[in-house]
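J.: Any chance you can model this:
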Amino acid sequence: MSQPWDYIAKVVSLGDSGCGKSSLTIRLCEGRFSPHHDVTIGVEFGSRIVPVGPPASHDLGVNDPAVTIPQGHSSTAIPHKGNEKPKSDEKQKYMKLSLWDTAGQETYKSITRSYFRGASGALLVFDISRRATFLSATAWLQDLRQIADENIIVVLVGNKSDLASDSVAESESGDSSRANQRSVSKSEALEWCRANGVLGYVETSAKSGAGVERAFLEVAERIYQNIEAGRYDLNDRRSGVKSAGAVNGGNSARINLGMNDGPGGTAKRAGGCC
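T.: Numbers count the residues shown, from 1 in each chain. Now for the predicted structure:
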């Protein structure tokens with residue numbers, strides 16, 4: 001039986017506890033938001049099949065060859081050349097993202113670090129209303145690069161954008177529920193990306209869903225570009241990427257990705273505790 005996807009890739013999310021990593025995964029995989037979510041112990045899993053490459057990438061303006069995005073630039077700020085129509089004979093490809101949502105508490109760091117191995121992509125998440133979580137991003141990135149492949153795709157994600165209205169009128173309205181709680185500016189996050197060699201920055205809200213799909217598509221598209229450039233050995237499980245052909249062919253070098261193959265995606269807790 002053929003798979004409903006062309007590639008499968010392991011993607012990890014990391015960052016301090018309480019940044020909303022699990023909420024982002026649940027929002028992407030199940031399309032919902034839970035205001036009360038238990039602290040992740042060890043690791044949680046999710047999966048989602050997303051389109052990669054043209055024509056979808058052109059429609060979304062994600063890694064469109066017609067649009068040059070400087071390193072570390074916020075992709076959402078780059079205009080898309082919508083006048084260029086994709087070729088009618090282009091067949092859409094799909095990638096199954098196997099998402100590994102790691103615990104952010106120091107207690108579980110020795111456990112969660114092991115899940116970085118074999119990942120092809122990562123979302124480094126911080127809470128834009130808590131500056132300390134942004135300052136911790138450098139240490140998380142160092143941990144990731146010590147363990148994962150040196151070419152791992154990393155996108156910085158500033159979550160909880162719903163707490164950061166850019167409207168002066170709202171922030172001065174006196175309504176504390178609508179006050180601007182932003183403690184990290186977009187320009188500062190972009191500068192951090194440039195200084196640390198991180199490819200992009202996306203702001204998200206797991207609560208409203210804003211930017212969530214975009215963040216994961218950023219990672220997926222960049223992984224796809226690396227596949228097209230031949231930068232992965234799709235028969236080597238350490239690369240974090242496999243093709244459907246290799247899986248269907250019964251190749252013994254399996255990548256430990258797990259999850260269902262259904263296009264709807266899933267999210268669930270795994271017993272990764274000590």
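
J.: Wait, residue 215 touches residue 121, no?
T.: No - in this structure, residue 215 is not within contact of residue 121 by C-beta atoms under 8 Å, at 10.7 Å. The way it works is simple: take the backbone N, C-alpha and C, and place the C-beta from them, glycine included.

J.: what touches both of those two?
T.: Common contact partners of residue 215 and residue 121 (C-beta atoms under 8 Å, 6 or more residues apart in numbering): residue 155.

J.: The stretch 51-200 of the chain: helices as residue ranges?
T.: 56-60, 109-112, 131-135, 137-147, 168-171, 186-196 (DSSP state H, counting those that start in this stretch).

J.: comparing those, which gets the lowest mean pLDDT score?
T.: The minimum mean pLDDT among the helices of the stretch 51-200 of the chain belongs to helix 168-171 (a mean of 38).

J.: dump the residue contacts of residue 99.
T.: 11, 12, 13, 25, 28, 29, 45, 46, 47, 48, 216, 267.

J.: hmm, who's touching the host helix or strand of residue 225?
T.: Secondary structure from DSSP states H and E places residue 225 in helix 212-228. Residues from elsewhere that reach helix 212-228 (C-beta under 8 Å, 6+ apart): 7, 9, 11, 24, 27-28, 48, 50, 52-53, 57, 60, 62-63, 75-76, 93, 95, 97, 99, 120-123, 151, 153, 155, 157, 199-200, 202, 204-206, 232, 234, 241.

J.: ok, back up a step: so which of the contacts of residue 99 sits lowest on pLDDT?
T.: residue 267 (50).

J.: out of the helices of the stretch 51-200 of the chain, nearest to residue 3?
T.: helix 56-60 (17.9 Å; C-beta to C-beta).
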